[in-house]
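Chemist: Fold the following and give me the result.
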Amino acid sequence: MKAMRPPLSPVRESSPPDAPIHPFWLRVTHWLNAIAALIMMFSGWRIYDASPVFRGIVIPPSITLGGWLGGALQWHFAAMWLLVFNGIVYVALNIASGRFFSKFFPLSPRAVLRDLIAALSGKLAHADLRQYNAVQKLAYLAVVVDLIVLVLSGLAIWKSVQFPLLRELMGGYDNARVVHFCAMALMAAFVVVHVTMVALVPRSLVTMLRGR
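Modeler: Numbering: from 1, shown residues only. Modelled structure (predicted):
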């Protein structure tokens, strides 16, 4: 009679101990995306002030970029090209390397709620920076989608005549401006939360600079 073998445990994909937490290409594209997004946000605020979407909301000039409308537009469009092309490289390499699906999935509402409660109560562990918790996964996926919405709504505003279908999908020119503003506000909120989390876990900044 053959001895019963214990059931095999699922094999988890693991990286070599000396492998960087963040590969070089990820760090480069991450920082370029961050620079482009911040330039677009600060210059976009100056452009917004020239013709506010919401009359009661005005951005203080001291935190805008460009100095005047023409200067802000130049900064905005320059950063736009960097964000678009670098963003395409970032997403393509994440998908091609398999990192996108291994890092951000699986993801479930229950896991997000569990980790959110743990984070708010100060019980969320950050020992292994190779693994993203469910809140991080959701936040990073959301900001990628948000940046795509920013680019598409920006195109609907900038080239409204050339992209009539995109303009109509946004609900018209005026609604495209509202969508663009709201997407920018979400990105600003993400930046604030992201910087706060980095301050709480400084090792995450070191790994994004050095890879380890």
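Chemist: Packing partners of the host helix or strand of V193?
Modeler: Here V193, judged by DSSP states H and E, is contained in helix 173-200. Under the contact criterion of 3 or more CB pairs under 8 Å, 6 or more residues apart in numbering; DSSP states H and E, helix 173-200 touches helix 24-50, helix 134-158, helix 203-210. No exception for glycine: its C-beta is placed from N, CA and C like everyone else's.
Chemist: Pull the residues that contact the shortest one.
Modeler: Taking contacts as CB atoms under 8 Å, 6 or more residues apart in numbering, the residues outside helix 203-210 that touch it are I21, H22, R27, H30, W31, H126, L129, M197, V198, R212.
Chemist: which two of these lie the greatest distance from each other?
Modeler: W31 and H126 (21.1 Å; CB to CB).
Chemist: related to what we said a few turns ago, where does confidence bottom out across the contacts of helix 203-210?
Modeler: By pLDDT, H126 ranks lowest within the contacts of helix 203-210, coming in at 69.
Chemist: Regarding Q162, what is its secondary structure?
Modeler: Recorded secondary structure, Q162: coil (DSSP: H, G, I helix; E, B strand; the rest coil).
Chemist: A36 touches H76, doesn't it?
Modeler: No: the pair A36 / H76 is not scored as a contact, 10.3 Å apart, by CB atoms under 8 Å.
Chemist: Return the residues in contact with V144.
Modeler: V91.
Chemist: So for it, what pLDDT did the model give?
Modeler: 90.
Chemist: ok, now how distant is it from F190?
Modeler: 10 Å (CB to CB, to the nearest Å).
Chemist: where's the most centrally placed residue in the chain relative to A78, distance?
Modeler: In the chain, the residue lying closest to the centroid (CA atoms, centre = their mean) is V143, at 3.3 Å. In this view, V143 and A78 are 21 Å apart by CB to CB.
Chemist: cool, and R130?
Modeler: Taking CB to CB, one finds R130 at 35 Å from A78.
Chemist: Give me the buried positions along the helix holding V193.
Modeler: A176, R177, V179, H180, F181, A183, M184, L186, M187, A188, F190, H194 (16 or more other CB atoms under 10 Å).
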